[in-house]
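Chemist: kindly generate the corresponding structure for this input.
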Amino acid sequence: MPYRIPKEPPTDVECAYAAGIIDGEGCIYARFRRDVPASHAPVLTVRVAMIDPLVPARLKSWFGGSVILLRKERPCRDQYLWQIASFQAEQVLIAIKPWAITKSKQIAIALELRSMTRSSSHYKPVTESDQNLRIKLVNDLKQAKRA
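Modeler: Purely as a prediction, here's the structure:
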């Protein structure tokens, strides 16, 4: 299912529900694309995978993004994966931040990374110190996931 922009922003109740789902079942990560030189910004992604398609579909209706079916080998069951990236992922994290508990540190790091990459131009080289900070924030996000 392709990305679409939601018609209306989610309510506070919907954001709080999404925060609980992302806290418990979600994944927040950033990675450098292999097909782009390392001087470019890392891609921030938020995902939720569930067996029941209802919640991923609801997240898509509230925030946009896409839902795909992940086929699993037996005895595992197929999963529905909602994912959203870059600017849209940043908007999701801003919306759920007040209600996040277990992933609040990951959200803070991810938003710091996005604020840094959003302010830079994609057409000029990134300084070595900026690139080192980006790498550090990506690694900090990985470490926060393990905590």
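
Chemist: list the contacts for the closest residue to Asp52 other than its chain neighbours?
Modeler: Nearest non-adjacent residue to Asp52, counting by CB to CB, 6 or more residues apart in numbering: Tyr80, 7.3 Å away. Where C-beta positions appear, they are placed from N, C-alpha and C, glycine not excepted. By CB atoms under 8 Å, 6 or more residues apart in numbering, the contact list for Tyr80 reads Ala49, Met50, Ile51, Asp52, Pro53, Pro56, Ala57, Val67, Ile68, Leu69, Leu70.

Chemist: where does this structure dip in pLDDT?
Modeler: For the chain, applying pLDDT under 70 flags the ranges 1-7, 35-40, 118-124.

Chemist: so what's the nearest residue to Cys27 once chain neighbours are set aside bridging to?
Modeler: Among residues not flanking Cys27 along the chain, Arg47 sits closest, at 4.7 Å (CB to CB, 6+ apart). Applying DSSP bridges to Arg47 gives these bridge partners: Cys27, Gln83.

Chemist: residue contacts, the most centrally placed residue in the chain?
Modeler: The residue lying closest to the centre of the chain (CA atoms, centre = their mean) is Val46, at 2.1 Å. By CB under 8 Å, 6+ apart, the residues touching Val46 are Ile22, Gly26, Cys27, Ile28, Gln83, Ile84, Ala85, Ala89, Val92, Leu93.

Chemist: tell me what the lengthiest helix in the chain is packed against?
Modeler: Ranked by number of residues, the top helix in the chain under DSSP state H is helix 128-146. If contacts are counted by 3 or more CB pairs under 8 Å, 6 or more residues apart in numbering; DSSP states H and E, helix 128-146 sits against strand 26-31, helix 104-118.

Chemist: which residues sit against the first one?
Modeler: What that stands for is strand 26-31. Residues contacting strand 26-31 (CB under 8 Å, 6+ apart): 22, 42-49, 89, 93, 103, 106-107, 110, 113, 137-138, 141-142, 145.

Chemist: re the thing from before, in JSON lines, list the helices and strands packed on helix 128-146 along with mean neighbour count.
Modeler: Listed next are these as JSON lines, based on neighbours: other CB atoms under 10 Å:
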{"stretch": "strand 26-31", "mean neighbour count": "19"}
{"stretch": "helix 104-118", "mean neighbour count": "19"}
